[in-house]
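[1] 3D, please:
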Amino acid sequence: MHFATQSQAIIEMIKNTARKLTTQSTIYSLKASITIHAQKNSPILAEPANTAMLIEKLQKDTTFTTNAYLANWLRVQTQSGQIGWIDSSHTRISIPTSN
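    As a prediction, this is how the structure comes out:
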């Protein structure tokens, strides 16, 4: 998948507040990491499941990167170096606008 297409897919998933869980079973890796923010205090989990082990708890507005996604889950790396999964509904993305 082309980088721009991957980026757009992640952006649309995060911006769509009415998103629904899907049964996608393939992890899609990104060619480049995308910086995103925690929209609220959010758990980073060991696996893409609400019942998975807690790795770290992020505070609202914490910045981190994503490098893959599976359904509505994003694989992320935190500023402390932890790698895990976050539900995309806990995230937001800032898209710079050009004048």
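[2] and stretch 38-45, which residues are buried?
    For stretch 38-45, the neighbour count (16 or more other CB atoms under 10 Å) marks 38-39, 42-45 as buried. In short, each C-beta sits where N, CA and C put it, glycine included.
[3] What is the linear distance spanned by that stretch between its boundary residues?
    Start-to-end span of stretch 38-45 (CA to CA, to the nearest Å) is 14 Å.
[4] again, but for stretch 72-90
    10 Å.
[5] pLDDT of it, averaged?
    Averaging pLDDT along stretch 72-90 gives 91.
[6] Make 702 the starting number, not 1.
    Sure thing, new numbering starts at 702, so read that last one as stretch 773-791.
[7] What are the buried residues along it?
    For stretch 773-791, using 16+ other CB under 10 Å, the buried residues are 773-777, 779, 785-791.
[8] hey, where'd the strands end up in the protein?
    729-739, 743-746, 755-759, 764-771, 774-778, 784-788, 792-793 (DSSP state E).
[9] Would you mind measuring from the residue nearest to Thr792 when sequence neighbours are not counted to Ile787?
    Residue nearest to Thr792 in three dimensions, not counting chain neighbours: Ile737, with 4.9 Å by CB to CB, 6 or more residues apart in numbering. Using CB to CB, to the nearest Å, Ile737 is found at 9 Å from Ile787.
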